[in-house]
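Chemist: using only what follows, build the 3D model:
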Amino acid sequence: MGESSRTARGRVGVAGTIGLAALVVASLTAACDLPPGALDGPMTPINLHVATTSTSVDIDAPGWFAETTAIYLCSAEPPPLPEPGPDRVGWSPGSACHDYGRYDSRKGLVASLGLADLAGPAWAPFAAAQDWYVLIVDVRGDRVSIAIRSRFAAPDDVAAF
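Modeler: Predicted coordinates:
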């Protein structure tokens, strides 16, 4: 079975999308009452490129500079980070996400996530999902500080495990 490639490219804001800008402006004019976590992290857009093949999900985020990054592949939308504080110590996105480990990303983030890691029972929710999510998290010690996620179409040509 040959490999095919599907690529999703775009600018993903750390705290959300363009709609967040409208939320900020509306909230500033409404007595500065922002919802919890609305401004969680810097507002600088991050170029996040996600490409899929029959054997991997490949990530390239040249503007993501974190000493250590945790990468998760999720079969459902991952939860937002908790409010800053003790709940961020040891945080993980839960069972809908597979932990692909930690990466040095001080010079940008490039990673290839092997789909064979999902073999066995972990594969069922991914096989059933139309869209997958990649979640990248800035980890400082045992505390998470910033996260971005990207939704993309699940590959339809995954190699058999």
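Chemist: now the closest residue to residue 133 other than its chain neighbours, which residues is it bridged with?
Modeler: Leaving out its chain neighbours, the residue that sits closest to residue 133 by CB to CB, 6 or more residues apart in numbering is residue 74, at 4.1 Å. C-beta here means a position set from N, CA and C on the backbone, and glycine is covered the same way. Listed by DSSP bridges, the beta-bridge partners for residue 74 are residue 97, residue 133.
Chemist: and residue 74, how many neighbours?
Modeler: Other residues near residue 74 come to 23 when the count uses other CB atoms under 10 Å.
Chemist: mind pulling up the pLDDT for the residue nearest to the spatial centre of the chain?
Modeler: Nearest to the geometric centre of the chain sits residue 135, at 1.7 Å (CA atoms, centre = their mean). Looking at residue 135, its pLDDT reads 97.
Chemist: try the one 4 residues further on
Modeler: Listed pLDDT for residue 139 reads 95.
Chemist: what helix or strand is it located in?
Modeler: Per DSSP states H and E, residue 139 falls inside strand 131-140.
Chemist: okay, whichever helix or strand comes after that strand in PDB with CA atoms only?
Modeler: Going down the chain from strand 131-140, the next helix or strand is strand 143-153, by DSSP H and E. Provided in PDB are the C-alpha atoms of strand 143-153 (Å, rounded to 0.1, in the frame of the first residue of the first chain):
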ATOM      1  CA  ARG A 143       3.500  22.300  35.100                       C
ATOM      2  CA  VAL A 144       1.900  23.100  31.700                       C
ATOM      3  CA  SER A 145       1.800  26.700  30.700                       C
ATOM      4  CA  ILE A 146       0.500  27.100  27.100                       C
ATOM      5  CA  ALA A 147      -1.300  24.800  24.700                       C
ATOM      6  CA  ILE A 148      -2.400  25.000  21.100                       C
ATOM      7  CA  ARG A 149      -4.500  22.500  19.200                       C
ATOM      8  CA  SER A 150      -5.400  21.800  15.600                       C
ATOM      9  CA  ARG A 151      -8.200  19.800  14.100                       C
ATOM     10  CA  PHE A 152      -7.700  17.900  10.900                       C
ATOM     11  CA  ALA A 153      -9.400  15.200   8.800                       C
END
